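Asks: Got a sequence here, can you model it:
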Amino acid sequence: MATYKKRGYKPNNKEEQQAAVEDHSTTAEVFNSLDEGASKTEAWVARNQKYIFIIIGVAAAAILGYLAYEEFIQEPKEAEAANEMFMAQQYFDTALQASGAQSDSLFNLALTGGEGKYGFQDIIENYGATNAGNLALYYAGMAYLNTNQYQQAIESLDDFESDDQILAPLAKGAIGDAFLQLDQPEEALSYYEEAAKMRDNNFTTPKFLMKAAVTAIKLGDGATAEKYLNKIQNEYPDSVEANRVKVYLGQAQTMQQ
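Replies: Model prediction:
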């Protein structure tokens, strides 16, 4: 059983005196070891002080350089790119409201520029590392798709990156549209399926489930089509696509008989 020794306690016999001496000696050794370790550390620091300062200096310079780049280079470039892209966006939005030759003309102006202003192609080339440059890839891809330039649409949309709930699946699904127009329904189906899985919402998910179902019917795969159509009906009953399920569901089931 352990005993507690009060402050000022003095050993009464030789055994206790010996134990006290040993305790004192052990404590002294511990402190001596700590002193020696500290001395060795100080000596190492002294010998390598120059290199330590160099490492610290390089790290500090990297951090300051990054912050300076963000504040004085990247942020102004982002603002400049967004400003330069404004007219191209106007052409694109107007093209969506137009039709026929007028629509094609406006989409081409959005791509190549007009009135001395940049088009999406220029934004991609000159501001590719900015958010605006990335968004220009989406706009350009959609403009190419609407002007029947399907291979260019695929390339632009494939380079576009986004975590957005709507834009990310729309871009992926638009690649499917381009492949479908190129008469490559197998590739189109895989992109529609991927687009449907990317985000779960009442707009893009049923939209691309329906496109996947219709494409599966085109490929003669009634089972896959039925699976996607039932998913729309059961999980997205309030979607626009749900109103079209019965039309295609009959076809999908007939194909399996």
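Asks: which residues are contacting the helix or strand hosting K211?
Replies: According to DSSP states H and E, K211 maps onto helix 204-218. Helix 204-218 is touched from outside by 165-166, 169-170, 173, 176-177, 180, 185, 188-189, 192-193, 195-196, 198-199, 222, 224-226, 228-229, 231-232, 236, 239-242, 244, 248, 251-252, 255, with contacts defined as Cβ atoms under 8 Å, 6 or more residues apart in numbering. Placement of C-beta: from N, CA and C, glycine included.
Asks: Please save the CA atoms from it in PDB.
Replies: Provided in PDB are the C-alpha atoms of helix 204-218 (Å, rounded to 0.1, in the frame of the first residue of the first chain):
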ATOM      1  CA  THR A 204     -32.100  17.200 -64.100                       C
ATOM      2  CA  THR A 205     -32.600  13.700 -62.600                       C
ATOM      3  CA  PRO A 206     -35.900  12.900 -64.200                       C
ATOM      4  CA  LYS A 207     -34.900  14.800 -67.400                       C
ATOM      5  CA  PHE A 208     -31.900  12.500 -68.000                       C
ATOM      6  CA  LEU A 209     -33.700   9.400 -66.800                       C
ATOM      7  CA  MET A 210     -36.200  10.000 -69.500                       C
ATOM      8  CA  LYS A 211     -33.500  10.600 -72.100                       C
ATOM      9  CA  ALA A 212     -31.800   7.400 -71.000                       C
ATOM     10  CA  ALA A 213     -35.100   5.500 -71.200                       C
ATOM     11  CA  VAL A 214     -35.900   6.800 -74.700                       C
ATOM     12  CA  THR A 215     -32.400   6.000 -75.900                       C
ATOM     13  CA  ALA A 216     -32.600   2.500 -74.400                       C
ATOM     14  CA  ILE A 217     -35.800   1.900 -76.400                       C
ATOM     15  CA  LYS A 218     -33.900   3.000 -79.500                       C
END
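Asks: Report the buried residues of that helix.
Replies: Using 16 or more other Cβ atoms under 10 Å as the test for burial, helix 204-218 gives 204-217.
Asks: Tell me how far it lies from the chain's centre.
Replies: Mean-position distance between helix 204-218 and its chain equals 25 Å (Cα atoms, centre = their mean, to the nearest Å).
Asks: For the helix or strand following that helix, the averaged confidence score.
Replies: Sequence order places helix 222-235 as the next helix or strand after helix 204-218, per DSSP H and E. The average pLDDT within helix 222-235 is 97.
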